[in-house]
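**Student:** structure here, sequence nowhere to be found:
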């Protein structure tokens, strides 16, 4: 049944990897399998429950009803009454307590994923039963269980309790203590106990000596290793285990040549060689990328009839980890031919996991089928890999069914399996289920990867489930799982966007308390959110806090906070309070004063800007050019033209005026609609041999066109040609647009053509363009030739094409469609104005149905449709 089910999965899924832009349900990290369509025919018609059911018999480990009964009793609560009841129930079972039976129970508990504490409870209960005393073997078994579960604190507590017990006389007490501390990773304590033993005339047995020797090697206590190894040899306890541990010692010291020499010497002496020693050397060679030497060693000792299965598995694992997947697959086939044995379970697991990572799901199917055929029972790794397989195949229903059935066969999910399942649920739009799975994973101690948590957080924020995201975040924080800064920043941004800035601030405060680090973007979102809510006091606190955390605010961010403070009831007090705190907490500098001057100007408080400017001078900080420009803008933006002129004169007395300060004055005057003043400063610049910037020309020409002072426009364009060479795209587009509206610009051009020496070919061509667009000159040639003429005058952009489109849509609508296609072919992105020009042209011709389709296309592209419905009424 299992083989049939796997084959069904294989056939009902196209194993074709692709990048999917459109399929939301079956996308997985932009690279996933194509799931079968709902209408595809399934010859076996298997449901998710059928598929999972077919795996259950294979999954379930061999059980022992009698031992299961013991662990059911042991799993009772830990209160006094329950403990008494469970011990009484165990006594009623009349268990045949012996060393072999206790070892059997502990081994079953360890292999069947039973609770470690249940094993410890049984061990404690058995030790208190009349007629039974724990042996060295039973103690070693419980030590291994505790150490494998990384419960070192519990194990050390257990050893302290063991030392205080007075009833243990029938075992080698000191041997057990030495062995216990060695296994617990405390070789220093074990050596102290061993020294006391020797002082009292006691000694370890062979087994305990080897446990101690291995612990010393594991903890890199190499001086002590030599001493203990000599003691073992002197007492005649040395055997193949001794030599394997000493080989491990050379490998841990990165002395592989010495390890090989020692091992070969030992093998050449005719002594028994075990595969463990070969495995240790092979693993060390592979970790240092000496794969060929490892392969030579495998072939060499295979001929000596040394058990090589484990060594081949080690080599295979290293091949897979290094990405040599093809070599690993070849090794599996080769090893089966050489030894006639099926590779062990862990080799299959390594291959299955690696194949999953590479999305080679067909090969995974083949390996699972082979495992079932040859009778290899799966373990936890296999079960997790199969769950990952269904997730990668996009089979969410089967994956969830398998996940919900995990308790039936003792499946505890790995972090990787949880990550795959959560990702699949998110991509499938089932975020509530993904949250439940994530909670379970954290409760079970399997914390998801940051990427998985980020995917789930992104999905919740995108769907607007902010309360669910908030619960999930605090659930994770309570368990000391701290998401990445990017996740927290996205969530806080979503809260601010939803006008829940107070919630965002609470989360920021909690995260700051735990991690003491907040991303700069988070501060931006919170400051803008509180400023928008007119909470300038909190915004000011945050901008100071972010600087204390090492982040540097931008001028725009300071401007936002200052504008918010200046809209309160006591703007001056709030403004100077922030300035005082800023100067007291951080080193005063020109940038700080500049930010406050700029912010006050934008907040329509030029008098505050002037006070900051004067405070700056009194503080001994000389205003720089930026300071003067920001102060000038503060006057000009608020219509204080006379103050601006006086300030300009003051600056002229302190330093020579350069192009940047002149440019600031001209641009500011243009924005203040003071064309006469701006023209005077342009003349002054030319008289002082200062070349005006392109910004000056653009703003002044645009303002003069608005005022229809076309004679001055033509004069400026001629001057521009002499100083800067050619017009910018902005100036060219302004001239063309005004040409479409009126003939006056062309007439001004004609009037002043004889006055000015218009010898430049670009200026002459520009005049012809103005004539064509104004209708005064008939266009010769097609639109393509017109484009060539424009290109010789100034660089084209999308606005240039929109102007041409607007001109053609009035009389030659079909030509306008050609222009639209031409725009797209040239790589430009049509904007809202482009679509609106076409729509208005269609309506003028009475083609309402076509116009409606263009408006629908605008809607699909999410353009602003304000005014578009009126076009159709």
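**Tutor:** Here it is on my side, so go on. Computed from a predicted structure; not experimentally measured.

**Student:** next secondary structure element downstream of the worst-scoring helix or strand of the chain on mean pLDDT?
**Tutor:** Sorting the helices and strands of the chain by mean pLDDT, DSSP states H and E puts strand 32-34 at the bottom, at a mean of 28. Sequence-wise, the next helix or strand downstream of strand 32-34 (DSSP states H and E) is helix 48-59.

**Student:** what is the mean pLDDT for that next one?
**Tutor:** Helix 48-59 shows a mean pLDDT of 71.

**Student:** how about that helix: buried residues?
**Tutor:** Neighbour-count burial for helix 48-59, counted by 16 or more other C-beta atoms under 10 Å, picks out 48, 50-55, 58-59. No exception for glycine: its C-beta is placed from N, CA and C like everyone else's.

**Student:** same check, this time on stretch 786-794
**Tutor:** Quick answer for stretch 786-794 (16+ other C-beta under 10 Å): 786-787, 790, 793-794.

**Student:** among those residues, which lie within helices?
**Tutor:** Assignment to helices by DSSP state H places the following of the buried residues of stretch 786-794 there: 786-787, 790, 793.

**Student:** and of these, the nearest to residue 226?
**Tutor:** Using C-beta to C-beta, residue 787 comes nearest to residue 226 of these, at 87.5 Å.

**Student:** which residue packs closest to that closest one, ignoring adjacent ones?
**Tutor:** residue 796 (6.9 Å; C-beta to C-beta, 6 or more residues apart in numbering).

**Student:** got the contact list for the one you found?
**Tutor:** Counting by C-beta atoms under 8 Å, 6 or more residues apart in numbering, residue 796 touches 729, 787, 790.

**Student:** try 10 Å
**Tutor:** Contacts for residue 796 were tallied using C-beta atoms under 10 Å, 6 or more residues apart in numbering; they are 729, 732-733, 787, 790, 804, 826, 828.

**Student:** where's residue 372 relative to residue 49, distance?
**Tutor:** 19 Å (C-beta to C-beta, to the nearest Å).

**Student:** relative to residue 822, how far out is the residue nearest to residue 787?
**Tutor:** 11 Å.

**Student:** pull up the overlap in contacts between those two.
**Tutor:** Common neighbours of residue 796 and residue 822 (C-beta under 10 Å, 6+ apart) are 787, 804, 828.

**Student:** got JSON lines for those residues, with pLDDT too?
**Tutor:** Formatted as JSON lines, those follow (pLDDT from 0 to 100):
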{"residue": "787", "pLDDT": "82"}
{"residue": "804", "pLDDT": "86"}
{"residue": "828", "pLDDT": "87"}
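
**Student:** reformat those as a markdown table; add distance to residue 71.
**Tutor:** Below are the shared contacts of residue 796 and residue 822 laid out as a markdown table (distance: C-beta to C-beta, whole Å):
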| residue | distance to residue 71 |
| --- | --- |
| 787 | 84 |
| 804 | 84 |
| 828 | 72 |
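
**Student:** and which of those is nearest to residue 212?
**Tutor:** Checking the shared contacts of residue 796 and residue 822 one by one against residue 212 (C-beta to C-beta), the nearest turns out to be residue 828, at 78.0 Å.

**Student:** quick check: phi and psi at that closest one.
**Tutor:** The phi/psi pair for residue 828 (degrees, to the nearest 10) reads phi -80, psi 150.

**Student:** so what's the closest residue to it other than its chain neighbours up against?
**Tutor:** Leaving out its chain neighbours, the residue that sits closest to residue 828 by C-beta to C-beta, 6+ apart is residue 798, at 4.8 Å. By C-beta under 10 Å, 6+ apart, the contact set of residue 798 is 729, 733, 805, 823, 826, 828-831, 833-834.

**Student:** let me know the pLDDT of residue 524.
**Tutor:** 95.

**Student:** pretty sure it is touching residue 557, no?
**Tutor:** Yes: the pair formed by residue 524 and residue 557 meets the contact definition of C-beta atoms under 10 Å, at 6.5 Å.

**Student:** which residues of the stretch 651-800 of the chain fall in helices?
**Tutor:** 659-671, 675-687, 694-706, 710-724, 729-741, 744-753, 761-774, 783-793, 798-811 (DSSP state H, counting those that start in this stretch).

**Student:** what about residue 134, how many residues nearby?
**Tutor:** 20 (other C-beta atoms under 10 Å).

**Student:** my bad, residue 827
**Tutor:** 6.

**Student:** about what we covered before: which residues do residue 524 and residue 557 both contact?
**Tutor:** 542, 546, 551.

**Student:** mind putting those in a markdown table, secondary structure included?
**Tutor:** Shown next, in a markdown table, are the shared contacts of residue 524 and residue 557 (DSSP: H, G, I helix; E, B strand; the rest coil):
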| residue | secondary structure |
| --- | --- |
| 542 | helix |
| 546 | helix |
| 551 | coil |
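
**Student:** scan those and report the most crowded one.
**Tutor:** residue 542 (25 neighbours).

**Student:** nearest spatial neighbour of that residue, chain-adjacent residues omitted?
**Tutor:** Spatial nearest neighbour of residue 542, chain neighbours left out: residue 527 (5.1 Å); criterion: C-beta to C-beta, 6+ apart.

**Student:** pretty sure residue 376 is touching residue 352, no?
**Tutor:** No: Residue 376 is not in contact with residue 352 according to C-beta under 10 Å; the separation is 11.6 Å.

**Student:** shared neighbours of the two, anything?
**Tutor:** 368, 382.

**Student:** which of the two has more neighbours?
**Tutor:** residue 352 (23 against 17).

**Student:** so that one, which of the three states?
**Tutor:** helix.

**Student:** enumerate every residue touching it.
**Tutor:** 360, 363-364, 367-368, 371, 378, 381-382, 384-386, 388-389.

**Student:** in TSV, list those residues along with neighbour count and secondary structure.
**Tutor:** Below are these laid out as TSV (neighbours: other C-beta atoms under 10 Å; DSSP: H, G, I helix; E, B strand; the rest coil):
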residue	neighbour count	secondary structure
360	18	coil
363	18	helix
364	26	helix
367	20	helix
368	26	helix
371	22	helix
378	24	coil
381	18	helix
382	22	helix
384	24	helix
385	26	helix
386	25	helix
388	25	helix
389	23	helix
